[in-house]
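*Asks:* Return atomic coordinates for the entry below.
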Amino acid sequence: MRGFSDLLDSLVFTRSRNAKLRRIGTYLKNTPDPDRGWAMAALTGALDLPAIKPAMIRALVSERVDPVLFALSRDFVGDTAETVALLWPGASHGEASGEPLALSKVVEQLASLSRSDAPAALAAMLDRLDADERYALLKLATGALRIGVSARLAKTALAQAFDLDVDAVEEVWHGLTPPYAELFDWAEGRGAQPTAENTPVFRPFMLAHPLEDAAVDLRDYAAEWKWDGIRVQIVHVAGETRLFSRAGDDITGSFPEVAAAFSTPGVLDGELLVRGDAQGGAEGGAASFNALQQRLGRKQVSARTLAQFPAFVRLYDILFDGTQDLRDLPWAARRTRLERFVSELEADHFDLSNLIEAEDFAALAAIREGARDAAIEGVMLKRRDSPYVAGRRAGLWYKWKRDPLTADCVLMYAQRGSGKRSSFYSDFTFGCWVEDGTLLPVGKAYFGFTDEELKWLDRFVRNHTVNRFGPVREVEKQLVLEVAFDSIHESKRHKSGLAMRFPRISRIRTDKPAQEADTIAGLRRLVT
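*Replies:* Numbering: from 1, shown residues only. Here you go, the predicted model:
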């Protein structure tokens, strides 16, 4: 644990991306198997220890430390793992007792525990470690590292350390399991490069740059709608189908009807949506993201849910046709292959994202501005000769989101943030007026403002509190916030009957009286 603890400690205080790459690479080269493999699993979010839950950790520390002291300390520190590591009665830094705990032994023991056995085993480990090692153990056990290292950065560090191609690592990553013995055998020349020939693995998505103020020539770029679902990759290899999210998570179990309908060998890229009514002048047929949320994260999907929220994939691109890798072909050639491929699929579960016909960029801008389909975020622009390459490559694909909607809302409640914001009230609930002169909450936002604006808002909350409900403060209804949001939808889960998509605070309206803020009736007119 000492080496892994030192790595996490150094990464927390390292801002430079290149320095983080070097630190991770050095650790991987100097750490033996299987410890380094388990470290990679932790850094990439691939480690799952289901017996360890945050509530259990809080219960353990409350048995050993005054609960009031823990609550006050947690509120000040902003991180449960760090607070527990510092307050846990035991060795301080460099004073761990007993034989050193190997990372692999810790993982293997925690992975084998039942819920009933886990508290005693975890407490015994914490007793043997110093504060830094306790912090590393708790971060490892809960899977919430939050040290400024993405999965891609960790894989890049591995690739650079062993002189591998990072895209080749990504290509086989999801076909491997921790502690990645085959990967390190390949990296150090003891084994062949792993392949994905007979395994349905995730391939990294091609991503787009935001289109700034520049125009593009539609002779060079094709335009299609940017749909507001979740980007997915559907893979069928060796008789097995898998559905992957943008992060590479396997979501097949949440959408079994889509996976069951895809039995043709190949790899496709598209947008997962829920069926709805056609609107807005596009090909439509998709409901808002609010409807899709009813399906996300479900391990078991009932027949009622399947019938009420039928899922389908609107297809954008094709990576493999059978065993043939098409990623090096230009977009135009892949589009032709995709059209042929889609024609053989079930229409209930798959369709093609249509191209937008426009004479020039100005005409496209007008079409984009006029589209208010609930499931449209904007427009995608794809260079016709672009290959399908992982990540964002300048000049190939652009995303051109439509301008956000805005509403003037009244601040109602505020809650303290977490991490670096644990000392500030940074989570704001806001509302709009109904006819009887009362406010109903319509959304919650915790970004969109500058650091200076955050300080100003925090002072406002503290100086205008009228009530407290645990960590939440109710404030005087006098501050107007201009809230930007991508769309707004009907919602039975909210008292106002409305739910905003991606709300963020765009402006503090100290110039506007609260009585002149927007109404629920006005927001309803924006529902798509």
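*Asks:* contact partners of the helix or strand of the chain with the lowest mean pLDDT?
*Replies:* One helix or strand of the chain scores below all others by mean pLDDT, DSSP states H and E: helix 289-292, with a mean of 81. Outside helix 289-292, the residues that touch it by CB atoms under 8 Å, 6 or more residues apart in numbering are 228-230, 272-274, 276, 309, 311, 375, 487, 489-491, 499, 501. Every C-beta, even on glycine, is put in place using the N, C-alpha and C of the backbone.
*Asks:* Which of those residues are buried, as a PyMOL select command?
*Replies:* Per 16 or more other CB atoms under 10 Å, the buried members of the contacts of helix 289-292 correspond to this PyMOL selection:
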select buried, resi 228+229+230+272+273+274+276+309+311+375+487+489+491+499+501
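*Asks:* where does the stretch 151-300 of the chain dip in pLDDT?
*Replies:* Applying pLDDT under 70 to the stretch 151-300 of the chain picks out residues 277-284.
*Asks:* Strands along that one, start to end?
*Replies:* 206-207, 209-210, 221-227, 230-237, 240-245, 266-274 (DSSP state E, counting those that start in this stretch).
*Asks:* who are the neighbours in contact with the most centrally placed residue in the chain?
*Replies:* Among the residues of the chain, residue 247 comes closest to the average C-alpha position under CA atoms, centre = their mean, at 7.1 Å. Residues near residue 247 by CB under 8 Å, 6+ apart: residue 151.
*Asks:* and the gap between it and residue 53?
*Replies:* Noted for residue 247: a distance of 22 Å to residue 53, by CB to CB, to the nearest Å.
*Asks:* Looking at the contacts of helix 289-292, which is nearest residue 138?
*Replies:* Each of the contacts of helix 289-292 was scored against residue 138 by CB to CB, and residue 230 proved nearest at 30.5 Å.
*Asks:* got CSV for the strands of the stretch 151-300 of the chain, with distance to residue 472 too?
*Replies:* Formatted as CSV, these follow (distance: least, CB to CB, whole Å):
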stretch, distance to residue 472
strand 206-207, 37
strand 209-210, 35
strand 221-227, 35
strand 230-237, 30
strand 240-245, 32
strand 266-274, 32
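*Asks:* out of the ones you listed, nearest to residue 524?
*Replies:* Nearest to residue 524 among those is strand 266-274; the distance by CB to CB comes to 21.6 Å.
*Asks:* Run the angle between that closest one and strand 240-245 for me.
*Replies:* Put simply, strand 266-274 runs at 50 degrees to strand 240-245, going by axes from the mean of the first three to the mean of the last three CA atoms, to 10 degrees.
*Asks:* mind checking how far strand 266-274 is from the chain centre?
*Replies:* Taking CA atoms, centre = their mean, to the nearest Å, one finds strand 266-274 lying 18 Å from the centre of the chain it belongs to.
*Asks:* Next: stretch 436-447.
*Replies:* Distance, centroid of stretch 436-447 to centroid of chain: 25 Å (CA atoms, centre = their mean).
*Asks:* again with stretch 17-30
*Replies:* Computed by CA atoms, centre = their mean, the chain-centroid distance of stretch 17-30 equals 24 Å.
*Asks:* same thing with stretch 72-90?
*Replies:* Remark: stretch 72-90 is offset 26 Å from the chain centroid, using CA atoms, centre = their mean.
*Asks:* Can I get that stretch in PDB? Just the C-alpha atoms.
*Replies:* Coordinates of each C-alpha in stretch 72-90 appear next as PDB, following Å, rounded to 0.1, in the frame of the first residue of the first chain:
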ATOM      1  CA  LEU A  72     -17.700  19.100  11.700                       C
ATOM      2  CA  SER A  73     -14.400  17.800  10.300                       C
ATOM      3  CA  ARG A  74     -16.000  16.300   7.200                       C
ATOM      4  CA  ASP A  75     -17.700  19.600   6.600                       C
ATOM      5  CA  PHE A  76     -14.400  21.500   6.800                       C
ATOM      6  CA  VAL A  77     -12.300  19.000   4.800                       C
ATOM      7  CA  GLY A  78     -14.900  18.200   2.100                       C
ATOM      8  CA  ASP A  79     -13.800  14.600   1.600                       C
ATOM      9  CA  THR A  80     -14.900  11.600   3.600                       C
ATOM     10  CA  ALA A  81     -11.900   9.500   2.900                       C
ATOM     11  CA  GLU A  82      -9.400  12.200   3.900                       C
ATOM     12  CA  THR A  83     -11.400  13.000   7.000                       C
ATOM     13  CA  VAL A  84     -11.600   9.300   8.200                       C
ATOM     14  CA  ALA A  85      -7.900   8.800   7.400                       C
ATOM     15  CA  LEU A  86      -6.900  11.800   9.600                       C
ATOM     16  CA  LEU A  87      -9.300  11.100  12.500                       C
ATOM     17  CA  TRP A  88      -8.900   7.300  12.600                       C
ATOM     18  CA  PRO A  89      -7.200   6.400  15.900                       C
ATOM     19  CA  GLY A  90      -3.900   4.800  14.900                       C
END
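*Asks:* coming back round to it: right, and the strands of the stretch 151-300 of the chain - which one's nearest residue 24?
*Replies:* Per CB to CB, nearest to residue 24 of these: strand 206-207, 22.7 Å.
*Asks:* So, low pLDDT: which residues of this structure?
*Replies:* In the chain, residues with pLDDT under 70: 91-98, 277-284, 372-374, 419, 528.
*Asks:* how deep is residue 347 tucked in, by neighbour count?
*Replies:* 10 (other CB atoms under 10 Å).
*Asks:* in the stretch 351-500 of the chain, which spans are helices?
*Replies:* For the stretch 351-500 of the chain, helices defined by DSSP state H, counting those that start in this stretch occupy the ranges 361-370, 451-463.
*Asks:* Could I get those helices in TSV, plus columns for mean neighbour count and distance to residue 288?
*Replies:* Formatted as TSV, these follow (neighbours: other CB atoms under 10 Å; distance: least, CB to CB, whole Å):
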stretch	mean neighbour count	distance to residue 288
helix 361-370	14	18
helix 451-463	15	30
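*Asks:* Which one of the ones you listed lies nearest to residue 128?
*Replies:* Closest among the helices of the stretch 351-500 of the chain, using CB to CB: helix 451-463, at 40.5 Å.
*Asks:* Tell me which other helices or strands that closest one touches.
*Replies:* Here helix 451-463 touches strand 405-416, strand 425-433, strand 472-475, strand 504-509, going by 3 or more CB pairs under 8 Å, 6 or more residues apart in numbering; DSSP states H and E.
*Asks:* CA atoms of the shortest one as CSV?
*Replies:* By that I understand strand 472-475. The C-alpha coordinates for strand 472-475 follow below in CSV (Å, rounded to 0.1, in the frame of the first residue of the first chain):
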residue,chain,number,x,y,z
VAL,A,472,-29.8,23.3,3.3
ARG,A,473,-30.5,27.0,3.9
GLU,A,474,-33.6,28.8,2.8
VAL,A,475,-33.0,32.4,1.8
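*Asks:* in it, what counts as buried?
*Replies:* So strand 472-475, judged by 16+ other CB under 10 Å, has buried residues 473, 474, 475.
*Asks:* got it, and the longest one?
*Replies:* Taking 16+ other CB under 10 Å as the basis for neighbour counts, the residues of strand 405-416 that come out buried are 405, 407, 408, 409, 410, 411, 412, 413, 414, 415, 416.
*Asks:* Would you mind measuring from the closest residue to the fourth one other than its chain neighbours to residue 418?
*Replies:* Counting by CB to CB, 6 or more residues apart in numbering, residue 409 lies nearest to residue 430, which is 3.8 Å off, once chain neighbours are set aside. If you measure residue 430 against residue 418 using CB to CB, the figure is 20 Å.
*Asks:* more crowded one of those two?
*Replies:* Neighbour count, other CB under 10 Å: between residue 430 and residue 418, residue 430 has more, with 26 against 17.
*Asks:* wait, the more buried one sits on residue 448?
*Replies:* No - the pair residue 430 / residue 448 is not scored as a contact, 11.7 Å apart, by CB atoms under 8 Å.
*Asks:* Quick one: end-to-end length of stretch 138-157, please.
*Replies:* 24 Å (CA to CA, to the nearest Å).
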